[in-house]
Structure formats: C-alpha cells, structure tokens
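Chemist: Got a predicted structure here, sequence first:
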Amino acid sequence: MGGIASSLVIRAQPNGNLRREGRAISILEVDEAVMPQILQTVPARVVVFTNLFRDQLDRYGEVDSVAARWQQALGTLSTDTILVLNTDDPTTAHLGEAFGGRVLYFGIDDPALDLKAQHDEGERHQVIDTRICPKCGGEYSYDLRFFSHMGHYHCAHCGNQRPQPDVRAVKVQSDEFDRTRMQVSSSLMAGTSKQQQEIVIPLPGIYNVYNALAAATVAQAIEIGWEPIVTGIEQFKPIFGRGERIHIEGRTLRLLLAKNPTGFNEVLRTLFNEGTQRHVLFVLNDNIADGRDISWIWDVDFEQAVNHTSTLVVAGSRALDLALRLKYAGVAQDKMITVTTAPLRAIKPDTSLAARKKRRAKNRNVKMLEEADQQPPLTEISHHYGIAEALDSAVRQTPVGETLFAVPTYTGLLEIQRELERRGLTPHYWEGRDN
C-alpha cells in the first residue's frame, strides 16, 4: 500500500490532483498477497490477473491459498468492474466462474508453441503448480502446453475446460531476441472493420506475449482501438529488471528478474533456446522479499545453461548454493566464478582432538599438499565480495560491444540497481518514467 501511495504522491500537484488529468489512466502492478487489500481501498475499473505460480512459499503459502484469497476479494467488487483473466492459466481462469460482472479472457491459440510440437527437451523439467480441477478434484489433461501449467487444458472427469479467449494470439514468431511478432484476433473488435492485427513486441519470451495480450484486452475493454494499442506495445521500453537495457563500459547490460522456478525456467529458455553462447551473471539472495527458503532452485532447469555460457559469474547471499546447483546441472566448476557477499568463516577445530589428528595426518597431509599443487582448482572463488565485485567481474569478462545478461532474484535486482545508480549509469527506478 505504501508503494501505491508514494506513486500517487510523486505524481500529484500541490492541490492533490494528479498532474495528468482528463483521459489519464493509473495502472498499478501489485503484489499477489496485497491484492485483496488493494481492491478494498482503490476503486478499480478493470482488474487483471495474468498468472499464478508458486513463489515465496514461506511468505504466501501454496497457490491454492493465494487463489482462495483472490476469489474472496473479487466477491466484494462492484459488478461494474471488468475482470480480465488469462484463460491459459487454470487458476486465474477459474476466478471468472463466480464473478457477477463482465469477464474477458485472453490466451494463445498457436499450436506451434506447444512444447511437444517444438520437441523441447525442457518439457520434462517444467514445474506444474496447478494440476487439479477445482470443481471435482480430477487431474487436468492438456491438448497444448506452452510452459508450466499454461496451455489448453480440460478435466476428463467433469468436463471443466479452458474458456474461449476473447483476445488471442493465433500466430507467434520470434524474429530475434528482442523482437516477437504476433497475430492477434479479437472478438471485442467484431463491430469494426478489423478483427485481426499484427503486433511486434520489443521484448523476448512467451511470458511477454501474455503481457501484451493482457494489455490489449484491457485497452479494448475500455474501448481503445487498434492503433494506440499497436503503437503503445511496439514503442514500449523495458523498465526496472524486466529486460531493462543499460550501457556499462562499452557493453550492454540486460536485467532479467527471475524469482521463482517457472519464471527462472522461462528466462533460461529465452536466453538459450537458440544455442547462442551468453555472458551471464546469476544473483541469488534469500532476504525476506526473496523468500528465505531457496530450495526452489532445484526445480529450475539449469541444465539449459550447460555449454551455453561464454562466461558465468554466480553471486548473492546464497551464491554457493547456486554454484552447487549448477555443478549438479553439469556446469564445469572451473567455468564459473563465485562471488560471495562476505568472506567464508573458518570452522574452529576441536582442540581435544587436535594433537592426535596432527600426529596421524602429518605425513599424509604433506603428500596431499604435493598432489594438490599439481591439480587445477575445483572452482574459482573470488577474494573480493559483494555485488559491486560481482558486477565488475562479469563486465570484465564480457568483451566490449557484447551483452551481459544479469539474472537476479528480487533483492539482487535492487542491489544491482543501487550499484548502477551509485556509478551514475541509471536514474532511481521511480524517476523519469512519466517523460
């Protein structure tokens, strides 16, 4: 709530009115846990639910408990509110079942994106957070699945199935990393001369196709035509960790936030699906805003990165945990640099056993040291610490003119942002967005 209040205050005139009046629209992206409180406080003309994935279990609980709170909150809304839902996500689509107002759905109808059709090896690593039909408890089956539990689903037991989308992507094609072309068909434009429109999304990944479809559906729900929709999406510039682009010492730094298994998997698929070698910086933290439990990294398909990184730096408060996960994925330890947040603390020896162990191991230790001198180190751990060192190390390894992809968790993103601000490379994230 504090963030929303701050955003409104920053954009307000001394008399309390917002600087941009008239046809201005306030768009608020809110945390899944605070959504019920927001709906009680801020009158909403349109409410959008894009997806629901397992995230920060120690803060929010399982997806079913989050969905239940959403469903309860929607019961307090006026029937004048328009509900916009992702029909490809069974949990968000189900929110429309009991809503008394207008419900609009968006989704993807391109069979070419099905994981099986693409012969995607990552299919077996997909994390599915929604498996059970909420009506009967039967297990969902999929005719098409794009990632995780997103796709065309139905329940064989009771017949519950994916609602037909009002706005849908009928063809999606990736031209290059930052250019995704989609053909959008909309039944909401049935009374116009053009029901189908091509839109170029200047962002990577299927998840941004869903974001663009959500934006188009909201715009059409409030009677905005194709031209401003196309212009708005095609001229969109990524902000604050969502593909943000920053120039640093002759290189380009791209920030790609990843904070749960599904999100991380999709970022990795976007980075490595073409087999291109990448320069990568991973940052894994376990602060409150990240979630203390980082066991979810074992559900991430880091195998996608094997043999696809030209350089790799691993950083953050749980850098060693991530380095271990990458080792088990098959990333050679001598191919990554680990930068911890502080020096490792030595474990004090048991003094009661010290003398006996010293006598027993004296000759053996000498031999082991001689052998160790002839062996390469298992992994390179930097003797400098913190995000500044991690960023410097990753930038140094990235040749001038090339791109470094930083994939941090949430507080890791904030640390990178603060370091870039300190160096004068980027403004504060809340500045310069209304120009």
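Modeler: Noted; the coordinates are in hand. Numbers count the residues shown, from 1 in each chain.

Chemist: What is the burial count for the residue lying closest to Ala329 once chain neighbours are set aside?
Modeler: Spatial nearest neighbour of Ala329, chain neighbours left out: Phe302 (4.0 Å); criterion: C-beta to C-beta, 6 or more residues apart in numbering. Any C-beta I mention is one placed from the backbone N, CA and C, and that applies to glycine too. By the criterion of other C-beta atoms under 10 Å, Phe302 has 21 neighbours.

Chemist: Could you pull up the contacting residues of Phe302?
Modeler: Contact analysis of Phe302 by C-beta atoms under 8 Å, 6 or more residues apart in numbering lists Leu268, Arg325, Leu326, Ala329, Val331.

Chemist: Break this structure into its domains for me.
Modeler: 23-234, 242-346+375-422 (automatic domain parsing).

Chemist: can you redo those as CSV with mean pLDDT?
Modeler: CSV is the format used below for the domains of the chain (pLDDT from 0 to 100):
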stretch, mean pLDDT
domain 23-234, 90
domain 242-346+375-422, 90
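
Chemist: Including distance to Asn15, could the ones you listed go into JSON lines?
Modeler: Converted to JSON lines, those look like this (distance: least, C-beta to C-beta, whole Å):
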{"stretch": "domain 23-234", "distance to Asn15": "16"}
{"stretch": "domain 242-346+375-422", "distance to Asn15": "31"}
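
Chemist: need the strands for the stretch 101-250 of the chain, in chain order.
Modeler: 102-108, 140-147, 150-155, 167-176, 179-186, 196-201, 242-248 (DSSP state E, counting those that start in this stretch).

Chemist: how far does the third one sit from the chain's center?
Modeler: Read it as strand 150-155. 22 Å (C-alpha atoms, centre = their mean, to the nearest Å).

Chemist: now for it, which elements pack on it?
Modeler: In terms of contacts (3 or more C-beta pairs under 8 Å, 6 or more residues apart in numbering; DSSP states H and E), strand 150-155 is packed against strand 140-147.

Chemist: Check which residues of the strand it packs on are buried.
Modeler: Residues Tyr140, Tyr142, Leu144, Arg145, Phe146, Phe147 are the ones in strand 140-147 that count as buried (16 or more other C-beta atoms under 10 Å).

Chemist: Check stretch 273-291 too.
Modeler: Under 16+ other C-beta under 10 Å, the buried positions of stretch 273-291 are 273, 278-287, 290-291.

Chemist: Taking the residues you listed together, which two end up most distant?
Modeler: The span of the buried residues of stretch 273-291, defined through C-beta to C-beta, is set by Asn273 and Asn287 at 30.5 Å.

Chemist: Could you export the helix or strand containing Tyr328 as PDB, CA atoms only?
Modeler: Tyr328 belongs to helix 319-329 when assigned by DSSP states H and E. Written as PDB, here are the backbone C-alpha positions of helix 319-329 (Å, rounded to 0.1, in the frame of the first residue of the first chain):
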ATOM      1  CA  ALA A 319      25.900 -17.900  -4.200                       C
ATOM      2  CA  LEU A 320      27.500 -21.100  -3.000                       C
ATOM      3  CA  ASP A 321      24.100 -22.900  -3.000                       C
ATOM      4  CA  LEU A 322      23.500 -21.800  -6.600                       C
ATOM      5  CA  ALA A 323      27.100 -22.800  -7.600                       C
ATOM      6  CA  LEU A 324      26.400 -26.300  -6.200                       C
ATOM      7  CA  ARG A 325      23.100 -26.500  -8.100                       C
ATOM      8  CA  LEU A 326      24.900 -25.500 -11.300                       C
ATOM      9  CA  LYS A 327      27.600 -28.100 -10.600                       C
ATOM     10  CA  TYR A 328      24.900 -30.800 -10.400                       C
ATOM     11  CA  ALA A 329      23.300 -29.500 -13.600                       C
END
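
Chemist: what does that helix contact?
Modeler: For helix 319-329, contacts defined as C-beta under 8 Å, 6+ apart pick out 282-284, 294, 297-298, 300, 302-303, 305-306, 312, 314, 316, 333, 336, 338-341, 379.

Chemist: hmm, 6 Å instead?
Modeler: Outside helix 319-329, the residues that touch it by C-beta atoms under 6 Å, 6 or more residues apart in numbering are Phe282, Leu284, Ile297, Phe302, Glu303, Val314, Gln333, Thr338, Thr340.

Chemist: and which of those residues is nearest to Val84?
Modeler: Using C-beta to C-beta, the contacts of helix 319-329 come closest to Val84 at Ile297, 32.3 Å.

Chemist: three-state assignment of that closest one?
Modeler: helix (DSSP: H, G, I helix; E, B strand; the rest coil).

Chemist: Burial check on it, number of neighbours?
Modeler: Neighbourhood size, Ile297 [other C-beta under 10 Å]: 18.

Chemist: Contact partners for it?
Modeler: Arg325.

Chemist: run the last query once more with 7 Å
Modeler: By C-beta atoms under 7 Å, 6 or more residues apart in numbering, the contact set of Ile297 is Leu284, Asp321, Leu322, Arg325.

Chemist: Same question for Leu28.
Modeler: Here Leu28 is in contact with Ile4 (C-beta under 7 Å, 6+ apart).

Chemist: how close does it get to Asp143?
Modeler: 35 Å (C-beta to C-beta, to the nearest Å).

Chemist: and what of Ala219?
Modeler: Taking C-beta to C-beta as the measure, Ala219 falls 29 Å from Asp143.

Chemist: hmm, back to that, include distance to Tyr210 when you put the contacts of Ile297 into JSON lines, please.
Modeler: Below are the contacts of Ile297 laid out as JSON lines (distance: C-beta to C-beta, whole Å):
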{"residue": "Leu284", "distance to Tyr210": "25"}
{"residue": "Asp321", "distance to Tyr210": "30"}
{"residue": "Leu322", "distance to Tyr210": "27"}
{"residue": "Arg325", "distance to Tyr210": "27"}
